[in-house]
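# Here is my input; please provide its structure:
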Amino acid sequence: MLIPISYPLNRAAPLYPGTEPLSITRTKSFDQGDAEEKSLITFSSHAGTHIDLPRHFCPGGGSVRSLLAPEAVFEPARCIAIPKTGAEPIRIYDLLEHLDAIRASRALFIRTGSGRLRESDPDAYAREHPWVHHEVAGFLRTENPALRLFGIDTISIAVPAEPEEGAEAHRAFLCGSPHIFLLEDVDLSYGRLLEEPWTLRVYPMVFDDLEGVPVVALAEFG
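Model (predicted):
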């Protein structure tokens, strides 16, 4: 069974402050006498559910094309619940009761509950959400050197009020060895994600020399 954990990308999608909005420009139209309709679509590489690659914060770091496959598979994937409200940080002590899942995962997701605000209060979802302290990346790498992806149900692991901390957190995940990809703005509302291991399948919307890219992400249950 396949469950989508990425959000559809559209013009209503909340964006991290400063991210360029998705735009659609009609280039051919029946109303203008054309024989067909066509559109030009532009969007940020960090719009909607997206993956961050090392090049995002690490000079010379790997890109989508160099480090991912057109279908990237991570298994086992695990999701743990660490409820947070507002701009609360996730720190090492929040993870200690989840060590078994952390040590047994190739991809680890944290459900904070922030995703509930994505439709009801998109401004709060974009600006005042839980964030991840930079110490977490090193802790995860020590507990599980095989971990390759970290995902979360917030629009970013960084919060606008703490820009330096956000940059440090991104560098800690993406520039350390081994690097840990980041998957942000993920829909982790499906209850079964917390109950058992699953397989993560990630499909980049654009497969090129990019530091990040919106993706289609699926959770597969056996």
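# Over to the closest residue to Leu182 other than its chain neighbours: give its phi and psi.
Spatially, and ignoring its direct neighbours in sequence, Leu182 is nearest to Asp52 (4.0 Å; CB to CB, 6 or more residues apart in numbering). For glycine as for every other residue, the C-beta is placed from the backbone atoms N, C-alpha and C. Per-residue torsions, Asp52: phi -100, psi 130 (degrees, to the nearest 10).
# quick one, what contacts Asp52?
With contact set as CB atoms under 8 Å, 6 or more residues apart in numbering, Asp52 has these partners: 46, 170, 173-174, 181-184, 211-212.
# ditto for Ile157
131-132, 150, 166, 169-170, 173, 182, 184.
# List phi and psi for the nearest residue to Leu67 once chain neighbours are set aside.
In space, and not counting its chain neighbours, Leu67 is closest to Leu53: 5.8 Å by CB to CB, 6+ apart. With angles defined as degrees, to the nearest 10, Leu53 sits at phi -110, psi 160.
# Pretty sure Leu53 sits against Phe207.
No - with contact defined as CB atoms under 8 Å, Leu53 does not reach Phe207; the gap is 11.9 Å.
# more neighbours, the two?
Leu53 (25 against 13; other CB atoms under 10 Å).
# Quick check, pLDDT for that one.
The model reports Leu53 with a pLDDT of 98.
# again, but for the one 3 residues further on
According to the predicted model, the pLDDT of His56 comes to 97.
# What is the neighbour count of it?
For His56, using other CB under 10 Å, the count is 22.
# Please apply the same query to His50.
Residues near His50, counting by other CB under 10 Å, number 29.
# the helices in this protein, which residues?
With helices called from DSSP state H, the chain shows them at 64-67, 92-95, 99-103, 117-120, 122-127, 135-143, 163-174.
# May I see the buried residues of the fifth one?
By that I understand helix 122-127. Buried positions in helix 122-127, judged by neighbour count with 16 or more other CB atoms under 10 Å: 125-127.
# any idea which of these is closest to Pro4?
Tyr125 (18.6 Å; CB to CB).
# on that earlier part again, between Leu53 and Phe207, what contacts are shared?
64, 68.
# Do I have it right that Leu117 meets Tyr125?
Yes - counting by CB under 8 Å, Leu117 does reach Tyr125; the two are 4.2 Å apart.
# pLDDT score for the residue of the chain most remote from its centre?
Most distant residue from the mean C-alpha position of the chain: Gly33, 41.7 Å away (CA atoms, centre = their mean). With respect to pLDDT, Gly33 scores 96.
# Before I go, just wanted to say thanks for your time.
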